[in-house]
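Visitor: give me the fold of what follows.
(3 chains)
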Amino acid sequence: MTATMSPPQSQVSSLTTGKMHRAIPFAICAFSIAVGVVGVYSIGGFKWGWMAIVAAHLYLLLVTIASRVIEDRRQATDRAMRTVMTIAFTTVTIPLISVFWKVIAEGASRFDRKFFTGSMRITPEDMLAQMEGAAVGGALHAMAGTLIITAIAGIISVPLGLLTAIYLVEYGKGKLAGAVTRMVDVMTGIPSIVAGLFAYALFELFLGPGTRSGLSGGVALSLLMTPVVVRSSEEMLRLVPNELREASLALGVAKWRTILKVVLPTAIAGILTGITLAVARVIGETAPLLVTAGVAQDINLNPFSGRMTTLPVFSYYEYVQPGVPPETGIARAWGAALMLVMIVAVLFTAARIMSHVLKPKGLK
Amino acid sequence: MTANSEIDMPAQTAGTTHSEETSVEPVIAVNNLNIYYDKFLAVRDVTMEIASRSITALIGPSGCGKSTFLRSLNRMHEVIPKAHVDGVVQLNGENIYRPDVDPVTVRRRIGMVFQRPNPFPTMSIYENVLAGMRLNANRLSKPDADEIVERSLTGANLWGEVKDRLDNPGSSLSGGQQQRLCIARAIAVEPEVLLMDEPCSALDPISTMAIEALMEQLKDQFTIVIVTHNMQQAARVSQRTAFFNIDGPGQPGHIVEMDLTEKMFSNPQEKATSDYVTGRFG
Amino acid sequence: MSELRQGFQDDLDRIRKQVSTIGAYIVELIPQVTDIMLSGDLKAAEVVIRADKDIDERVLETEELILKVLALQSPVAGDLREVTSALKILADMERSADLACNICKASRRIHGYEMDPKLRGLIQKLGDQAAKEYRKAVNSYVNRDAMESAALGDIDELLDNLQRQFLQQIIESHSAQTIELQVAVQLTLVARFYERLGDHAVNLASRVRFIEEGTFPELHVSDRELSEEVGSPFGPTGSD
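Guide: Next up, the predicted model:
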């Protein structure tokens, strides 16, 4: 008999593989969760975190093996990577949502008129009322401080940063440009307290020791903000296609006009986003402002003299010295945090709107 | 063989007896032009003339320096740092490379259209056409501006297609239309010479034909110099053709032969030219 | 870089080869028909007349190839001159083959009639001269030799003279009644045919000059036709 006889089997096409039924991943998921819950509970009780970790790993392992068996190697790798990415995404998103949730939940307790219109200049009657449990004190002075100091920082960094970026992209081709780029790189890494100390020392030099002012705070923040503005503006300017510059030059337009009227308008959307990011970087700084702008209880609108509190500093102090009873201080701290988050959200939304409006319709 | 001796002044004067010439004076005269990128000699020793109100084509293999040469005619190659030239380029008798000449003013008289259409994305069609004037802060009254826009777009054979949507962004047009918009933008400032660097390379065949028909009309008003990779295009549109060649990688490009287009394509004098146009190399 | 446009190059070579082949055939044909004329070999005449169809077919074939090259390859410069000249050369050659055919037909018509030795001698000379010129022309094409072709115009003078001599002799012979009228008429035509063969050879040579040098050939035939029209075949011809 011929030894080469083989049982009849259907032609296996080289183009297709087995297909895993759609329900299988769900089944594996359910199974993993069950194992995770039961397993962790039986060892140490309701520890959600560990349950999630065990379930996730088990799912990853099982679905990859299943795919390898039913489908083929490439599909298995594909599924594994997708699972890993989903897990990573979830791991990142959950804390984010959790933070937002917490801030809103806690901060809402001080979402009252007094908080938005008053400062921490409190009368003895208020102190008594506070001990009774009333909500006392406000953060208006801190809000004003944040806006003023951030504005000062912006006024200093945006022009400086933008012009530096323009120099680096459009004009700088030699050694100086290289040096500037390197220095900007270094500046992006300055610890914020160092920036604060530098600003303090600078003002001490000119105005004597112990000087505290909003201006000093603004200077400190601008040290942190400028490199970010330079870097992102530089990127945006480099993205402007060279052919636009050439088209303008070929029309007999001078270089500076080309930059001002062709390159900048084309890059403005991205530059605004970059500036917004830079603002977001510095608006939450606490350490440098402690040193430069200090803490105040009153509303101080003069940046040139006197201490000025910002929202993060206020929040910090309310946490450290909450007063009596301590819950009121903590509540004020949360309230300030919520305010800060809201301001940043408004800023970003405004930036996106402006970006959209100014964006050249032709650019992708 | 000194290729330069082949730049036939006799052939050119023989050419000027042809009836299509309306002016005997060349509008651009190049003399012993050497073009450098820093220390590197990119194009060596070019001497030639561009006849007025005609189309001159520059052809040659990749890297032969024809685009570099074209850009040197309106000092655009200087945009690259440390690029400079040695020699003379005369626009209607004036040397544009004299030390006291500002490249910006040269470029107002010699315009340029590029390979890929590049309308300004932040501007509408209307604003794009006027860009040459607006960017230079020329004040224009509305009626004057309207007139210039209509004239330029008509000159570029685009008016009929866009006159109802002048406020649309420049980039909302098709590729061929965008290129015609760029041409309109270039001619709006009324240059004397229009340089075109492979203007049809990025376009489909129909758009290409539209641009070629446009060039045929434009040459009554402007002097046109076009660099093209497409020999059939050079043969179709130009009155005179110059063939540039390069001896080897790293060598400077140079001009081999320049003559009436019909002669270049029916009976070229130099073997290198013949080999190139018949596709034996390149 | 000869790998570029290899297909195109092959087409050009094929065109050249086909034209050369047809030319070579005609060069062989001319002495053949001269012999037929002198020997009166009817069978041989028949063969030649029938073979003319093949020539026509070949010419058509080559024309189609040329059309294809023109449409698809956009030849320029030297290639363009070669290809367009080939068309003209083929027309000349096709006509030449027809002329040779006509000589055979004339030979058939005078079959059986007497021709005196003087006439026979002149026919031989005409045939030899025409063959010589045609050979020179085709050689210059095959070898791409413009120099050879330049000489041809002058050599053709000889053929013209021979033709005039021949006509003179025909008239004398007819007056002396050594030949019949029919023979005289046919021989006159034959003289014409040989002379036209020579003209075609000269044209061919001019085309070769054009291919190689790029200068336009003089339109040889029309000049001479003009001067011939003035005189009549039976009376004194022109001033020469």
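
Visitor: how about the residues of chain B near chain A?
Guide: Taking Cβ under 8 Å from any Cβ of the partner chain as the criterion, chain B approaches chain A at residues B:74, B:76, B:79, B:81, B:104-109, B:111-112, B:114, B:116, B:118-122, B:131-132, B:135-137, B:169-172, B:182, B:185-186, B:189. The C-beta positions use only the backbone N, C-alpha and C, and glycine is treated the same way.

Visitor: and those residues, which of them are buried?
Guide: When these are checked for burial by 16 or more other Cβ atoms under 10 Å in any protein chain shown, the buried set is B:74, B:76, B:104, B:106-109, B:111-112, B:114, B:116, B:118-122, B:131-132, B:135-136, B:169-171, B:182, B:185-186, B:189.

Visitor: by proximity to chain B, which residue of chain C wins?
Guide: For chain C, the nearest residue to chain B under the criterion Cβ to the nearest Cβ is C:G214, separated by 3.4 Å.

Visitor: follow-up on the earlier one: of the buried ones among the residues of chain B next to chain A, which are in range of chain C?
Guide: Intersecting these with the surroundings of chain C, defined as Cβ under 8 Å from any Cβ, gives nothing.

Visitor: on that earlier part again, which ones among the residues of chain B next to chain A map onto helices?
Guide: Among the residues of chain B next to chain A, the members found in helices (DSSP state H) are B:104-109, B:131-132, B:182, B:185-186.

Visitor: the stretch 1-150 of chain A: strands as residue ranges?
Guide: In order along the chain, the stretch 1-150 of chain A carries no strands (DSSP state E, counting those that start in this stretch).

Visitor: report how many residues lie close to B:G253.
Guide: Close neighbours of B:G253, defined as other Cβ atoms under 10 Å in any protein chain shown, add up to 24.

Visitor: typo on my end, C:D98
Guide: When counting by other Cβ under 10 Å, one arrives at 15 neighbours for C:D98.

Visitor: is it within a helix or a strand, and which one?
Guide: With elements delineated by DSSP states H and E, C:D98 resides in helix C:77-109, which encompasses its position.

Visitor: packing partners for that helix?
Guide: Counting by 3 or more Cβ pairs under 8 Å, 6 or more residues apart in numbering or on different chains; DSSP states H and E, the packing neighbours recorded for helix C:77-109 are helix B:261-266, helix B:271-277, helix C:6-39, helix C:42-73, helix C:181-213.

Visitor: in the helix or strand just after it, which of the residues would be classed as buried?
Guide: Beyond helix C:77-109 on the C-terminal side, the first helix or strand identified by DSSP H and E is helix C:117-142. By neighbour count, with 16+ other Cβ under 10 Å as the criterion, the buried positions of helix C:117-142 are C:119, C:122-123, C:125-142.

Visitor: and helix C:117-142, what does it pack against?
Guide: Counting contacts by 3+ Cβ pairs under 8 Å, 6+ apart, the secondary-structure elements packed against helix C:117-142 are helix C:6-39, helix C:146-175, helix C:181-213.

Visitor: need these in TSV (columns: mean pLDDT and mean neighbour count).
Guide: Supplementary listing: the helices and strands packed on helix C:117-142 in TSV, determined by pLDDT from 0 to 100; neighbours: other Cβ atoms under 10 Å in any protein chain shown:
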stretch	mean pLDDT	mean neighbour count
helix C:6-39	94	18
helix C:146-175	86	17
helix C:181-213	92	23
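
Visitor: can you redo the ones you listed as TSV with distance to chain A?
Guide: Formatted as TSV, the helices and strands packed on helix C:117-142 follow (distance: least, Cβ to the nearest Cβ, whole Å):
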stretch	distance to chain A
helix C:6-39	36
helix C:146-175	49
helix C:181-213	44
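
Visitor: and which of the ones in helices among the residues of chain B next to chain A is nearest chain C?
Guide: Ranking these by separation from chain C, with Cβ to the nearest Cβ as the measure, puts B:C182 on top at 29.0 Å.

Visitor: show me what contacts that closest one?
Guide: Contact criterion Cβ atoms under 8 Å, 6 or more residues apart in numbering or on different chains gives A:247, B:113-114, B:117-119 as the residues in contact with B:C182.

Visitor: residue in the stretch 201-350 of chain A nearest to chain B?
Guide: Taking Cβ to the nearest Cβ as the measure, the point where the stretch 201-350 of chain A comes nearest chain B is A:G252, at 3.2 Å.
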